[in-house]
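Colleague: this one's sequence-less:
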C-alpha cells in the first residue's frame, strides 16, 4: 500500500495524505452505490509485514469508515488498505 500511495502521489504531484483522501472518497462512493462489498464480520487480518502509516483523512471519511467498520466487524485500517487496492484494480 505504501508504494502504491507514493507512486500515485508522485504521479499527481500531491501528498500521500491528499491521494489517500481521494482514494477513500472513491471507495466510499462506490460503497454507497453497491453496498458492503465484502462479507460482514470477517475477523482475519494480515498483520505480518504491516507497517503503521500515518496519513490524514477528513472527519467525514473517518466517520463513514467507522460506520462501515461497526457494521462489518472489520478494522478501519483493513478498509483503508482495501480502498487503495481496489483503486488500483
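Modeller: Perfect, thanks for sending it. A quick note: this is a predicted structure, and the numbers were derived from the prediction, not measured. Numbers count the residues shown, from 1 in each chain.

Colleague: residue ranges with poor pLDDT in the protein?
Modeller: Applying pLDDT under 70 to the chain flags the ranges 35-53.

Colleague: Could you list the buried residues of the lengthiest helix in it?
Modeller: Secondary structure of the chain per DSSP state H: the longest helix is helix 16-34. For helix 16-34, the neighbour count (16 or more other Cβ atoms under 10 Å) marks 16, 19-21, 23-25, 27-28, 31 as buried. From N, CA and C alone the C-beta is placed, and that goes for glycine too.

Colleague: who's in contact with stretch 62-71?
Modeller: 24, 28, 31, 36, 40, 57, 74-76, 79-80 (Cβ atoms under 8 Å, 6 or more residues apart in numbering).

Colleague: Would you check which pair of these lies furthest apart?
Modeller: Distance extremes for the contacts of stretch 62-71: the farthest pair is 40 and 57 at 22.5 Å, using Cβ to Cβ.

Colleague: can you pull out the helices in this protein?
Modeller: 2-12, 16-34, 59-72, 76-87.
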